[in-house]
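K.L.:
predicted model and sequence below, questions to follow.
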Amino acid sequence: MRKVFILVERRADYSRYKPILEKLKADPFFETYLVVTGICLLDIHGKDINYIENDGYKINATIQMFDPKADDNGGEMVRSMSRVLFGVVTELEKAKPDVVLSGFDIGGNFAVTIAAAHMNIPVAHIQGGEVTGSIDESIRHAMSKFSHIHFPATEDARNRLIKIGENPKDIYVVGCPSIDVLVSTPIIDKAELEVKYNLDFSKPFIIIIQHPVTTEAKSSLDQIQETIDVIKKLDIQALALLPNNDAGHSKIIDEIKKSGIRWYPSLSTNDFINLYRNAWALVGNSSSGIHETPTFKIPAVNIGNRQMGRERAANVIDVPNSAKAIEAGINKALYDEKFRAFVKTIENPYGSGNSAEQIVKILKEVSFEGKIQKVFYEG
């Protein structure tokens, strides 16, 4: 038996871990130790721990990472990371896992990666090697240097891992596991969804997910106002999900709540994926626009620098944080029939929906012997 330690902080990482957790649970070779922290414990962000429990996963521990009353700034991001770092050491000592499965570029997973590496516990990192904007860029590459095997999504990411000194023998290209969720989620009847959310899918409908950019935190208010002004001017059906709680988030939340645009702190996986299936476009700066929209073959209007430099399919329309550019991007996404027809032909560079199967197979077969002591690979 191999015990796998997983920490979930946000809906975004849960969406990637969910298909992996499902396969680990189904295989008696594995035991899973699941810790939930971050905004998954906060009411204002939808308290996604409830969705995790409803999905049938045993939660072994929770760690209070964020203080809901704290200031919204970079300093509080660091204090929050220190809380989960302190707490996760105790959980690692209690669990005694054979491997930590960490991922992506967020504080909670960064903390468990650092802790495990210091405690001589092997770390397998999902989606290293990608280029992003904001502080996420630094966190992702740092996590790769603390990790012992790697599950990047693309060949481009694999090559970048090799450039920063990771051994090709320890790198397995598996795609993005969130695609697994997109293709496996049961279809909800359109009419049922239309009634539940008061929508008409025969008319333009967009999903908005716009997070703060930590290196531009002071501009968060101006940035979300530009987006909201365009949505209201165009008078199109829109549904907004509240952002994560990186520095600058509170002003975004306040503006969305008073905008008149329908908003949700979070949604169940089934509802979100089915709304996604019927959306005409995704608007904002979420990695979902890069990773997932090509699977549903819908345009993504990617605003600003948060996904700067990330590998993307040709359905992504990159625009700066200006109302004029955002309006042009949305109009192209919704009404340019030639572009929309082209989007229906694209393939997703982040995989086809079998990432979890590959990851679990490798976790079952890989040997961690001799991997704890990292050595810079020079070719």
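P.N.:
Looks like it arrived, so ask away. Numbering: from 1, shown residues only.
K.L.:
burial count for the residue lying closest to residue 108 once chain neighbours are set aside?
P.N.:
Spatially, and ignoring its direct neighbours in sequence, residue 108 is nearest to residue 9 (3.5 Å; Cβ to Cβ, 6 or more residues apart in numbering). To be clear about C-beta, it is placed using only N, CA and C from the backbone, and glycine gets the same treatment. A count of nearby residues for residue 9, using other Cβ atoms under 10 Å, gives 31.
K.L.:
ok, residue 279 next?
P.N.:
Residues within reach of residue 279, counting by other Cβ under 10 Å, total 22.
K.L.:
show me what contacts it?
P.N.:
Applying Cβ atoms under 8 Å, 6 or more residues apart in numbering to residue 279 gives the contacts 205-207, 296, 298.
K.L.:
which one of the residues you listed is nearest residue 194?
P.N.:
residue 205 (9.7 Å; Cβ to Cβ).
K.L.:
for the residue lying closest to the closest one once chain neighbours are set aside, phi and psi?
P.N.:
Spatial nearest neighbour of residue 205, excluding adjacent residues (Cβ to Cβ, 6+ apart): residue 237 at 4.2 Å. When read as degrees, to the nearest 10, the backbone of residue 237 gives phi -60, psi 130.
K.L.:
what do you get for residue 172?
P.N.:
Note on residue 172: backbone dihedrals following degrees, to the nearest 10 are phi -130, psi 110.
K.L.:
next, count neighbours for it.
P.N.:
16.
K.L.:
list the residues that contact it.
P.N.:
Listed by Cβ under 8 Å, 6+ apart, the contact set of residue 172 reads 149-152, 358-359, 362.
K.L.:
for residue 139, see how far away it is.
P.N.:
Separation of residue 172 from residue 139 (Cβ to Cβ, to the nearest Å): 21 Å.
K.L.:
now swap in residue 244 and tell me
P.N.:
With Cβ to Cβ as the criterion, residue 244 and residue 139 are 13 Å apart.
K.L.:
ranges for the helices of the stretch 51-200 of the chain?
P.N.:
Taking DSSP state H, counting those that start in this stretch as the test, the helices found in the stretch 51-200 of the chain are 74-95, 107-118, 136-146, 155-163, 178-184, 190-197.
K.L.:
please parse this structure into its domains.
P.N.:
For the chain, automatic domain parsing gives the domain ranges 2-175+353-365, 188-343.
K.L.:
tabulate the ones you listed (CSV), appending distance to residue 378 and mean pLDDT.
P.N.:
Formatted as CSV, the domains of the chain follow (distance: least, Cβ to Cβ, whole Å; pLDDT from 0 to 100):
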stretch, distance to residue 378, mean pLDDT
domain 2-175+353-365, 7, 96
domain 188-343, 25, 97
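K.L.:
now the ones you listed as JSON lines including distance to residue 373?
P.N.:
Shown next, in JSON lines, are the domains of the chain (distance: least, Cβ to Cβ, whole Å):
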{"stretch": "domain 2-175+353-365", "distance to residue 373": "9"}
{"stretch": "domain 188-343", "distance to residue 373": "31"}
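K.L.:
between the ones you listed, which one is nearest to residue 181?
P.N.:
Comparing the domains of the chain against residue 181 with Cβ to Cβ, the closest turns out to be domain 2-175+353-365 (5.6 Å).
K.L.:
ok so, going back, and the domains of the chain: which comes nearest residue 375?
P.N.:
Across the domains of the chain, closest to residue 375 is domain 2-175+353-365 (Cβ to Cβ), at 7.5 Å.
K.L.:
gap between the two ends of that closest one?
P.N.:
End-to-end distance for domain 2-175+353-365, by Cα to Cα, to the nearest Å: 10 Å.
K.L.:
ok, stretch 275-284 next?
P.N.:
Distance between the two ends of stretch 275-284: 16 Å, counting by Cα to Cα.
K.L.:
check stretch 87-104 too.
P.N.:
20 Å.
K.L.:
in that stretch, what counts as buried?
P.N.:
87-89, 91-92, 95, 97-104 (16 or more other Cβ atoms under 10 Å).
K.L.:
now residue 302: phi and psi?
P.N.:
Torsion angles at residue 302 (phi, psi; degrees, to the nearest 10) stand at phi -100, psi 110.
K.L.:
and it, how far is that from residue 261?
P.N.:
Residue 302 sits 19 Å away from residue 261, taking Cβ to Cβ as the criterion.
K.L.:
so those two - more neighbours on which side?
P.N.:
Per other Cβ under 10 Å, whichever of residue 302 and residue 261 has more neighbours is residue 302, with 26 against 17.
K.L.:
wait, isn't that one in contact with residue 320?
P.N.:
No. Taking contacts as Cβ atoms under 8 Å, residue 302 lies outside contact range of residue 320: 10.3 Å.
K.L.:
how about the helices of the stretch 201-350 of the chain, start to end?
P.N.:
Using DSSP H, counting those that start in this stretch, helices in the stretch 201-350 of the chain cover 220-234, 249-258, 269-278, 287-291, 293-296, 323-335, 337-343.
K.L.:
can you give the contact residues for the longest one?
P.N.:
Which is helix 220-234. Contacts of helix 220-234 (Cβ under 8 Å, 6+ apart): 206, 208, 210, 212-213, 216, 238, 248-249, 251-252, 255-256, 259-261, 283-284, 303-304, 321-323, 326-327, 330-331.
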